[in-house]
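Student: Predicted model, plus sequence, below.
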Amino acid sequence: MPADFEAMWREIAPVGRNVATGGYLRQPWTSPEAELRAWFVEQCEARGLRVERDGLGDLVGWWEPEGTDPSDRILTGSHLDSVLEGGAYDGPLGVVSALAAIDRMREHAVVPGRPVGVGVFVEEEGSRFGLACLGSRLLTGATPWATARELRDRDGVFLADALEAQGLPGMTGDPDSDVDLLAGVTTFVELHVEQGRALVDLGHAVGVASGIWPHGRYRFDLDGVADHAGTTRMEDRRDPMLTYATTVLAANETARLAGERATFGRVEVNPNGTNAVPSRVTGWLDARASSVASLEALVERISARAREGAERDGTTVTVTAESVSGEVSFDPGLAASLATGRASGDWPVLPTQAGHDAGILSAAGIPTAMLFVRNPTGVSHSPDEHAEVPDCLAGVDALAETLTRLVS
């Protein structure tokens with residue numbers, strides 16, 4: 001008999017966990033993430049789901065009752081990778097809940113009139129190769145394989161080589177030879193832990209997403225001149241760290257005043273010596289805003305402040321957009337139908353500032369919806385990310401009810 005939600009959660013909880021911090025290190029195409037993908041395949045097989053996989057390691061377990069049309073399929077699921085020192089729920093909650101939702105549907109003798117798939121997308125976080133939602137981007141054609149295969153991680157490993165090390169062939173870019181896991185998918189529903197406090201404030205265990213803010217990742221390369229930390233007078237320095245520091249402060253100020261989001265969360269310094277003025281500082285800006293125009297204006301204001309600082313400090317700055325996602329509005333009719341008409345009351349509909357595979361599939365023209373499960377801490381991408389078991393079970397029920405509505 002397939003395991004229930006709590007049993008499955010206990011099985012995966014130790015995988016990739018840093019016992020010192022409580023955070024998770026489930027980097028894509030590493031042993032912990034591969035262990036979770038193998039676990040997922042076992043769970044699918046225990047339920048009699050037919051497993052498909054592509055050359056990247058993306059997976060779908062299909063529930064295909066006899067007579068259902070493969071050209072009209074429903075997909076749910078999420079991802080299993082994490083950010084560095086991330087929380088337990090971001091991604092895996094959607095995968096485990098999807099398997100449990102199928103169990104719940106079967107308990108209620110639901111026989112779907114459409115095939116139902118549980119999917120796992122790789123490198124959703126972009127924490128290793130810098131491009132968020134990489135698996136779904138490649139599946140939808142939003143990013144070509146020729147571009148993706150040349151991506152490098154922080155250790156200089158090419159994506160193509162990382163795949164080969166895991167026994168994965170990658171993609172050819174030829175639709176006739178690559179496995180298309182999205183073939184026939186006409187609806188996608190993703191359940192996810194909420195990455196904020198809206199449901200806490202509203203007093204609801206479950207909510208429905210209306211859309212995703214536009215967001216992007218931008219690399220700031222700041223160049224100066226390496227020099228001695230002791231003998232070089234302050235007024236003689238061309239210090240890119242100074243430019244970087246003022247740019248970080250400018251990003252914080254600009255975003256606060258605009259009601260948007262701007263974060264420098266990663267930095268590299270060369271030569272990275274304690275007693276040396278650096279020659280180069282590279283920082284990565286994560287920027288998010290309520291519209292595409294607002295995002296572009298936010299990044300330009302921050303870039304302008306960086307250029308002003310560079311002129312003052314005798315340094316130079318180059319800004320490169322590494323990954324940009326436009327505004328996503330989920331199918332409004334689908335969202336409304338999921339949120340209303342329940343004996344227990346309607347679910348709240350709310351926007352999110354976080355990116356998801358659902359946003360990539362929506363942009364590719366697949367009608368898409370998202371369910372959120374309450375996070376009492378409001379914290380995400382951190383070991384403090386959390387969801388209470390009763391709320392998780394409410395999410396399972398919500399997803400099972402949603403899928404039942406869609407397949408009836």
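Tutor: Structure's in. What do you need? Numbering: from 1, shown residues only.
Student: Surely residue 182 is in contact with residue 361?
Tutor: Yes. At 7.4 Å, residue 182 and residue 361 qualify as touching, with contact defined as C-beta atoms under 8 Å. C-beta: built from backbone N, CA, C; applies to glycine.
Student: Overlap of the contact sets of those two?
Tutor: The contact sets of residue 182 and residue 361 overlap at residue 140 (C-beta atoms under 8 Å, 6 or more residues apart in numbering).
Student: So for those two, which sits in the more crowded spot?
Tutor: Counted by other C-beta atoms under 10 Å, residue 182 and residue 361 do not tie: residue 361 has more neighbours, with 26 against 22.
Student: Skip ahead from the helix or strand encompassing the more buried one and say which helix or strand is next.
Tutor: Element membership of residue 361 [criterion: DSSP states H and E] is helix 357-363. Sequence-wise, the next helix or strand downstream of helix 357-363 (DSSP H and E) is strand 368-373.
Student: What strands line up against that next one, and which way round?
Tutor: The strands beside strand 368-373 in its sheet (DSSP bridges) come out as strand 185-193 (parallel), strand 206-212 (antiparallel).
Student: and the helix or strand following it, how far from the chain's centre?
Tutor: The helix or strand immediately downstream of strand 368-373 is helix 389-407, counting by DSSP H and E. Centroid separation for helix 389-407 versus its chain: 21 Å, with C-alpha atoms, centre = their mean, to the nearest Å.
Student: got it, and stretch 159-176?
Tutor: The answer for stretch 159-176 is 21 Å, by C-alpha atoms, centre = their mean.
Student: end to end, how far does that stretch reach?
Tutor: End-to-end distance of stretch 159-176: 22 Å, with C-alpha to C-alpha, to the nearest Å as the criterion.
Student: How are the helices of the stretch 101-250 of the chain distributed by residue range?
Tutor: All helices of the stretch 101-250 of the chain, identified by DSSP state H, counting those that start in this stretch, fall at 134-140, 145-148, 159-165, 198-202, 240-258.
Student: Give the residue spans of this protein that score low on pLDDT.
Tutor: 1-3, 341-345 (pLDDT under 70).
Student: what does the biggest helix by length in the chain contact?
Tutor: Ranked by number of residues, the top helix in the chain under DSSP state H is helix 292-313. Contacts to helix 292-313, defined as C-beta under 8 Å, 6+ apart, come from residues 213-216, 218, 220, 222, 224, 237-240, 242-243, 246-247, 250-251, 254-255, 258, 260, 262, 285, 287-289, 315-317, 319, 321, 324, 326-327.
Student: Can I have the buried ones of those residues as a ChimeraX selection?
Tutor: Of the contacts of helix 292-313, the buried ones go into a single ChimeraX selection, burial set by 16 or more other C-beta atoms under 10 Å:
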select :213,214,215,216,218,220,222,224,237,238,239,240,242,243,246,247,250,251,254,255,260,262,285,287,288,289,315,316,317,319,327
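Student: out of the contacts of helix 292-313, which are inside strands?
Tutor: Among the contacts of helix 292-313, the members found in strands (DSSP state E) are 215-216, 218, 220, 222, 262, 285, 287-288, 316-317, 319, 321, 324.
Student: Between the residues you listed, which sits nearest residue 403?
Tutor: When the ones in strands among the contacts of helix 292-313 are ranked by distance to residue 403 (C-beta to C-beta), residue 215 comes first, at 28.4 Å.
Student: is it true that that closest one touches residue 287?
Tutor: Yes. Counting by C-beta under 8 Å, residue 215 touches residue 287, with 6.6 Å between them.
Student: what is in contact with those two at once?
Tutor: Common neighbours of residue 215 and residue 287, using C-beta under 8 Å, 6+ apart, are 261, 295.
Student: Test my guess that residue 37 contacts residue 59.
Tutor: Yes. Taking contacts as C-beta under 8 Å, residue 37 lies within contact range of residue 59: 6.3 Å.
Student: Among the two, which residue is more densely surrounded?
Tutor: A direct count of neighbours by other C-beta under 10 Å for residue 37 and residue 59 places residue 59 higher, at 24 against 21.
Student: Pull the contacting residues for that one.
Tutor: Per C-beta under 8 Å, 6+ apart, neighbours of residue 59: 37, 40, 41, 44, 51, 52, 53, 119, 120, 181.
Student: Recalculate using a threshold of 7 Å.
Tutor: 37, 40, 41, 51, 53, 119, 120 (C-beta atoms under 7 Å, 6 or more residues apart in numbering).
Student: Now tabulate the strands paired with strand 368-373 in JSON lines and tack on mean neighbour count.
Tutor: Shown next, in JSON lines, are the strands paired with strand 368-373 (neighbours: other C-beta atoms under 10 Å):
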{"stretch": "strand 185-193", "mean neighbour count": "25"}
{"stretch": "strand 206-212", "mean neighbour count": "23"}
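Student: Could you list the buried residues of stretch 78-91?
Tutor: Those would be 78-84, 86-91, for stretch 78-91 by 16+ other C-beta under 10 Å.
Student: Go ahead and name everything in contact with it.
Tutor: 13, 16, 18, 21, 23-28, 33, 36-37, 92, 94-95, 120-125, 127, 190-193, 357, 380-383, 385-387.
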